[in-house]
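S.K.: Everything below, folded, please.
(one chain, ligands or ions: 2)
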Amino acid sequence: MHLATLPCLYSFAVLGPTLTLALHQPQAQVHPKPIIIDTDIYSDVDDLGALAIANVLSNFGLAELKGVVISTGSEYGALTVDVSLPRSSVRLACKVEWDETNMAAKAVNTYYGNGHMKIGAIRPLTQETFVDRWGWQLGEYASKVAHHFPRALRNATQTPSPLTLYREILADAAVNSLTVISIGFLTNLADLLESGMDEISPATGADLISHKVAELVVMGGNYPSGWEYNFAGVDPKVAHRVISNWPKNVPITYSGYELGSQIWTGQHLAQEAPVDSPVLAAYQWYGDRCNTTLKSYDPVTVLYGFLGLGGRAKLGIAPMFEYANADGYNSVNAVDGINTWVEDASVRNQHWLRLRPDVTVSDIEELLNRLLVQSPRAAEGRHGEIIEDMLRSQLRI
Ligand SMILES: *[C@@H]1O[C@H](CO)[C@@H](O)[C@H](O)[C@H]1NC(C)=O
Ligand SMILES: *[C@@H]1O[C@H](CO)[C@@H](O)[C@H](O)[C@H]1NC(C)=O
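M.R.: Ligands and ions are numbered 1, 2, ... in the order given. Okay, here's the model as predicted:
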């Protein structure tokens, strides 16, 4: 049943040129997709870039961000997410009292200001900060963003746990409606999958997933087989448990190491981002001596999560991704985290992504870069179809 809902996106492509007419209608009806992002924000700044892109795409009406859950214990993760993501109107109202003369405060206060964002942070919370013990080049950004940009969340202790937030959002969601985008470790998803009934819902976690999740999109693994950090780097056992026990009726789409590692973004932030952008600041703090050019594992995954296979014809966005396999499943080794694709014609709910043949790496880089530098007000007063401005002609329908 779930599988039947995905391929219908293809029909946009089939309709082709006639849909350009829709771009000129004043109110293109685009149904925002409900999305949850599960992130290991803390070390690599591409999580923050991915969240910024999610926010810009939400502003253009492509999706409704229901919440962000965090799988890393540092309190600076939740505080950073709060800085860089949509304010609820309630929070915004409180923050209007901030000193208007403080440019940074004013800018971040209204930064991406349009949503009702809930954040769930894993416990125990720590005050750990990132040190690049591999290359001794990359810097730490999360504590700096948390301390130098205004935020509504005073302390990460005020957040619910990821499990609570997941169960609340799933319990409230319409049947087969949610897209879960996992751009970090699978710890929170393992907790959800293995959870029993509680005061939030009489359903088990597996039942909630089976009934409410339309698709799980995972940045993790290397395809068809290999080593990748989100599966293997910290806790291979949780990756193994989630991937092997995930309900068979819910599609999983993998965005692998081999896809994100060829896509470099962030190179134009200093020239093109608003000066008070937390994205610019975070990339400069993280990048090697201010080199903000980074691989884009998480941003490309979020882009797919929002657009799906079909692109968004009504917004003038052509399809960009396709499945690289017809069938089979991913097997993650619980000890070393290495994933191996197993051929099996009877399993059809798992796929890994690649770019369509007519889409180049630089097309995707250009699109992601444009999204990263959008002002928080880019979508204000504009209909969703204006996102077309941001796309090179070959990505348009
Ligand atoms: C959050 O609260 C804890 C516990 O009271 C405290 O130790 C920590 O310093 C606080 N963090 C921030 C960023 O204020
Ligand atoms: C910045 O980093 C990228 C990727 O590692 C590299 O290709 C580029 O040469 C660097 N730029 C500078 C100015 O060092």
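S.K.: name the element the residue most central in space within the chain belongs to?
M.R.: Relative to the mean C-alpha position of the chain, the nearest C-alpha, by C-alpha atoms, centre = their mean, is the one of V302, at 3.8 Å. Element membership for V302 (DSSP states H and E) is helix 297-307.
S.K.: Contact partners for S375?
M.R.: With contacts defined as C-beta atoms under 8 Å, 6 or more residues apart in numbering, S375 is in contact with P274. In this view, the C-beta of every residue, glycine as well, is placed from N, C-alpha and C.
S.K.: My guess is V45 contacts Y141. True?
M.R.: Yes - the pair V45 and Y141 qualifies as a contact (C-beta atoms under 8 Å) at a distance of 5.6 Å.
S.K.: More neighbours: those two, which one.
M.R.: The residue with the greater number of neighbours, taking V45 and Y141 and applying other C-beta atoms under 10 Å, is V45; the counts read 29 against 26.
S.K.: Quick check, G305 in contact with I35.
M.R.: Yes - under the contact definition of C-beta under 8 Å, G305 touches I35, with a separation of 6.4 Å.
S.K.: and for V45 and Y141, which residues touch both?
M.R.: Shared contacts of V45 and Y141, defined by C-beta under 8 Å, 6+ apart, are found at A282, Y283, W285, Y286.
S.K.: what mean pLDDT does the longest helix belonging to the chain have?
M.R.: Longest helix in the chain by number of residues (criterion: DSSP state H): helix 46-59. Confidence over helix 46-59, taken as the mean pLDDT, stands at 89.
S.K.: now the angle between helix 297-307 and that helix, please.
M.R.: Here helix 46-59 points in a direction 20 degrees away from that of helix 297-307 (axes from the mean of the first three to the mean of the last three C-alpha atoms, to 10 degrees).
S.K.: Serialize the shared contacts of V45 and Y141 to CSV and add fields for secondary structure.
M.R.: Rendered in CSV, the data for the shared contacts of V45 and Y141 read as follows (DSSP: H, G, I helix; E, B strand; the rest coil):
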residue, secondary structure
A282, helix
Y283, helix
W285, helix
Y286, helix
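S.K.: Pull out the buried members of the residues you listed.
M.R.: In the shared contacts of V45 and Y141, burial by neighbour count holds for A282, Y283, W285, Y286, counting by 16 or more other C-beta atoms under 10 Å.
S.K.: does the last one really touch G139, like I thought?
M.R.: To tie it back to what came earlier, the one meant is Y286. Yes - taking C-beta under 8 Å as the definition, Y286 is a contact partner of G139 at 5.4 Å.
S.K.: follow-up on the earlier one: ok, so of the shared contacts of V45 and Y141, who is nearest M320?
M.R.: Y283 (23.3 Å; C-beta to C-beta).
S.K.: what's the neighbour count on the residue of the stretch 251-397 of the chain found nearest ligand 1?
M.R.: As assessed by C-beta to the nearest ligand atom, ligand 1 sits closest to P278 within the stretch 251-397 of the chain, at 16.4 Å. Here the count is done by other C-beta under 10 Å, and P278 has 26 residues near it.
S.K.: For the stretch 51-200 of the chain, give me the ranges with low pLDDT.
M.R.: Using pLDDT under 70 as the threshold, the predicted model of the stretch 51-200 of the chain has low-confidence ranges 84-111, 113-116.
S.K.: hmm, try it at 50
M.R.: 86-110, 114-115 (pLDDT under 50).
S.K.: Nearest residue to D38 in space, ignoring adjacent ones along the chain?
M.R.: Taking C-beta to C-beta, 6 or more residues apart in numbering, and ignoring the residues beside it in sequence, D38 has S182 as its nearest neighbour in space, at 4.4 Å.
S.K.: again but with Q374, I slipped
M.R.: Leaving out its chain neighbours, the residue that sits closest to Q374 by C-beta to C-beta, 6+ apart is V56, at 4.6 Å.
S.K.: hang on, that neighbour packs against R370?
M.R.: No - no contact is recorded between V56 and R370 when judged using C-beta under 8 Å, the distance being 9.1 Å.
S.K.: residues near the residue of the chain at minimum distance from ligand 1, how many?
M.R.: For the chain and ligand 1, the shortest gap (C-beta to the nearest ligand atom) falls at N155, measuring 3.7 Å. Summarising burial for N155: neighbours were counted as other C-beta under 10 Å, giving 10.
S.K.: doesn't Y76 make contact with it?
M.R.: No - N155 is beyond contact range of Y76, at 11.2 Å (criterion: C-beta under 8 Å).
S.K.: ok, what's across the strand from L216?
M.R.: Beta bridges link L216 to V180, I252, judged by DSSP bridges.
S.K.: any idea how far it lies from S161?
M.R.: 20 Å (C-beta to C-beta, to the nearest Å).
S.K.: and T265, what are its phi and psi?
M.R.: Here the main-chain torsion angles of T265 (degrees, to the nearest 10) amount to phi -140, psi 170.
S.K.: Do you know the pLDDT at it?
M.R.: On the pLDDT scale, T265 is placed at 98.
S.K.: pretty sure A206 is touching P247, no?
M.R.: Yes - checked against C-beta under 8 Å, the pair A206 and P247 is within contact range at 5.9 Å.
S.K.: circling back to that earlier point, compare V56 and R370 and say which is more crowded by neighbours.
M.R.: Under the neighbour definition other C-beta under 10 Å, V56 and R370 were set side by side, and V56 has more, 24 against 20.
S.K.: so what's that one up against?
M.R.: V56 makes contact with Y112, L371, Q374, A378, A379, according to C-beta under 8 Å, 6+ apart.
S.K.: Export the residues you listed to a markdown table and append columns for neighbour count, distance to G220 and secondary structure.
M.R.: Conversion of those to a markdown table gives the following (neighbours: other C-beta atoms under 10 Å; distance: C-beta to C-beta, whole Å; DSSP: H, G, I helix; E, B strand; the rest coil):
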| residue | neighbour count | distance to G220 | secondary structure |
| --- | --- | --- | --- |
| Y112 | 27 | 26 | coil |
| L371 | 25 | 22 | helix |
| Q374 | 24 | 27 | coil |
| A378 | 18 | 30 | coil |
| A379 | 21 | 30 | coil |
